[in-house]
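quick one: sequence and predicted model below, then my questions.
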Amino acid sequence: MLDKIYSFITENQLIKLGDTVVAGLSGGADSVSLLLSLRELSERLGINVEALHVNHQLRGAESDRDEQFCRELCQHLGVPFTAVSCDVRSYAVEKGLSTEEAARVLRYRAFADNTQGKLLATAHNADDNLETVILNLARGSALKGLAGIPPKRDSIIRPLLAVSRREIEEFLRERGQDFVTDSTNLIDDCTRNKIRHRIIPVLRDINPSVVETSVKSIDALRTENALIERMTDEAMEDCRRVSDTFSGLNFYPDVIRRRCIARLLTEHSLPYSSDRLTELDSITVNGGKYNISGDIYFISDGKCAKLMKIEADTAPLMLEKELIIGENSIFPDKKVVCELILCDELEKFQSVHKNLTYYILDYGKIKGGIVLRNRRNGDRIRLSSRSFTSSVKKLINEKIPPEKRGRLHFLSDSEGTILAEGIGIADRTVPDRSTKKLLAITIENK
């Protein structure tokens, strides 16, 4: 096992000559194995080894027992030891966190405070890594999540990722080394424990070596993810000439575009999901505007994409008027010409208006009066080319350049939208063989 750990450390460049490595020591089998391994490899690696224990004060006498065990173990091994206590329950209540999350936050805070200028080694092993991958898969994850736990993040290293819990326990048996057991690890009261005690045993029935074989699979995914991360680094450097603005990102593959967008949002602590990244990626390529949070928007014209703060000074101006036969106008630089024609006059009409934007509706299918207006929030239309009702906002983002979206014409009757400029007419107003009279709408620039 020591050779496997040494190879993993050197292949992933986790440690360099002269480093001081602090082992996070809980007293459990994994962390005790980590401490022993680092100590036995210390001369070979040219490092100094220390230990740090965090007492979460969650299990009363059992927590104090674990701290004492760690203290005595380090005294026996001649390893410098530090113990830190934290009140997890009070912190969880104060911050509104679960006990598990509060413990994690305080634990890593203690790690950071007590390992400055040093490396911190945690005891995550191959079993932990497989559990993490299964958890990410169940919750929904892209490649980065399926690549598992990274071997190194900042000053935190994980030397045991290539070894299984079985190998760890055998390693301790060979040395006659005991350890403590956290009683909460034996209870199926959290998602990870359910994976550990229920799902992994089923996978072992299928493949007894599932943990060991997962090491190679996860390593392959991690290698591919690292390549994509390097490509993302290059894209960020090439396209991000101005803060919060991408220029030319649309020429990169979608997986790179989405990671660049995710990084930008992360920098500003803005929320995102897979669906949101897909939407923002589409806007990056096709143009559009998306409200991220509050007054923060992601805007693109198809070439340049950026985060912008747009303050809403006033509510959007609502323009509307009753449509009349003849010339209509709600925008100063455009006009809408409305004509009623008989079906047998359609060919003549089309020849006259062939160079203009026009729409033909069945006048007999329109319900009540017709209103000419601009767009409204919540507008929806069932187009003749689709079998479902669509959001007008989404259709505009797909089809209309950003600079034209503020001056689009809409027609509505008593049942809803029947025409959206640049998009089409409602399915229920499409002319058919029974049509007798047509409503012809022509949109022109003045």
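On my side now, so go ahead. Numbers count the residues shown, from 1 in each chain.

please name the nearest non-neighbouring residue to Asn445.
Nearest residue to Asn445, sequence neighbours excluded (CB to CB, 6 or more residues apart in numbering): Lys334, at 5.8 Å. Every residue, glycine included, has its C-beta placed from N, CA and C.

if you rank every helix and strand of the protein by mean pLDDT, what lands last?
helix 346-352 (a mean of 75; mean pLDDT, DSSP states H and E).

can you name the next helix or strand after it?
strand 357-362 (DSSP states H and E).

state the mean pLDDT of that next one.
Strand 357-362 shows a mean pLDDT of 90.

and for stretch 112-122?
Averaging pLDDT along stretch 112-122 gives 93.

now stretch 139-147
Rounded mean pLDDT across stretch 139-147 is 83.

gap between the two ends of that stretch?
14 Å (CA to CA, to the nearest Å).

same question, stretch 394-408
Where stretch 394-408 begins and where it ends lie 14 Å apart, using CA to CA.

same question, stretch 415-431
17 Å.

buried ones in that stretch?
Buried residues in stretch 415-431, defined by neighbour count with 16 or more other CB atoms under 10 Å: 417-421, 423-431.

rewinding a little: backbone phi and psi for the residue nearest to Asn445, please?
phi -140, psi 160 (degrees, to the nearest 10).

quick one: the residue nearest to Ser391 when sequence neighbours are not counted and Gly422, what's the gap?
Leaving aside its chain neighbours, Ser391 sits nearest to Arg380 (5.9 Å; criterion: CB to CB, 6+ apart). Noted for Arg380: a distance of 16 Å to Gly422, by CB to CB, to the nearest Å.

same question, Gln57
Taken as CB to CB, the span from Gln57 to Gly422 is 64 Å.

just Asn129 next, same as before
51 Å.

then Ile261?
26 Å.

again with Phe171
Remark: distance between Phe171 and Gly422 (CB to CB) = 68 Å.

would you confirm that Ser385 contacts Gly424?
Yes. At 6.9 Å, Ser385 and Gly424 qualify as touching, with contact defined as CB atoms under 8 Å.

ok, so of the buried residues of stretch 415-431, who is nearest Asp362?
Ranked by distance to Asp362 (CB to CB), the buried residues of stretch 415-431 are led by Pro431 at 4.5 Å.

the closest one: what secondary structure?
Following DSSP: H, G, I helix; E, B strand; the rest coil, the label given to Pro431 is coil.

which residues are in contact with it?
By CB atoms under 8 Å, 6 or more residues apart in numbering, the contact set of Pro431 is Cys343, Ile360, Leu361, Asp362, Leu438.

ok, of these, which come out buried?
Buried among the contacts of Pro431 by 16+ other CB under 10 Å: Ile360, Leu361, Asp362, Leu438.

got the contact list for the third one?
In other words, Asp362. Thr429, Val430, Pro431, Asp432, Thr435, Lys437, Leu438, Leu439.

about what we covered before: can you redo the buried residues of stretch 415-431 as TSV with pLDDT and secondary structure?
Output for those, formatted as TSV (pLDDT from 0 to 100; DSSP: H, G, I helix; E, B strand; the rest coil):
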residue	pLDDT	secondary structure
Thr417	94	strand
Ile418	94	strand
Leu419	94	strand
Ala420	94	strand
Glu421	94	coil
Ile423	91	coil
Gly424	92	strand
Ile425	93	strand
Ala426	93	strand
Asp427	93	helix
Arg428	93	helix
Thr429	93	helix
Val430	93	coil
Pro431	92	coil
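
export those to JSON lines and append columns for distance to Val88.
Compiled in JSON lines, the buried residues of stretch 415-431 are given as follows (distance: CB to CB, whole Å):
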{"residue": "Thr417", "distance to Val88": "55"}
{"residue": "Ile418", "distance to Val88": "61"}
{"residue": "Leu419", "distance to Val88": "61"}
{"residue": "Ala420", "distance to Val88": "56"}
{"residue": "Glu421", "distance to Val88": "59"}
{"residue": "Ile423", "distance to Val88": "55"}
{"residue": "Gly424", "distance to Val88": "59"}
{"residue": "Ile425", "distance to Val88": "62"}
{"residue": "Ala426", "distance to Val88": "59"}
{"residue": "Asp427", "distance to Val88": "59"}
{"residue": "Arg428", "distance to Val88": "61"}
{"residue": "Thr429", "distance to Val88": "64"}
{"residue": "Val430", "distance to Val88": "65"}
{"residue": "Pro431", "distance to Val88": "70"}
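
with that, I have no additional questions.
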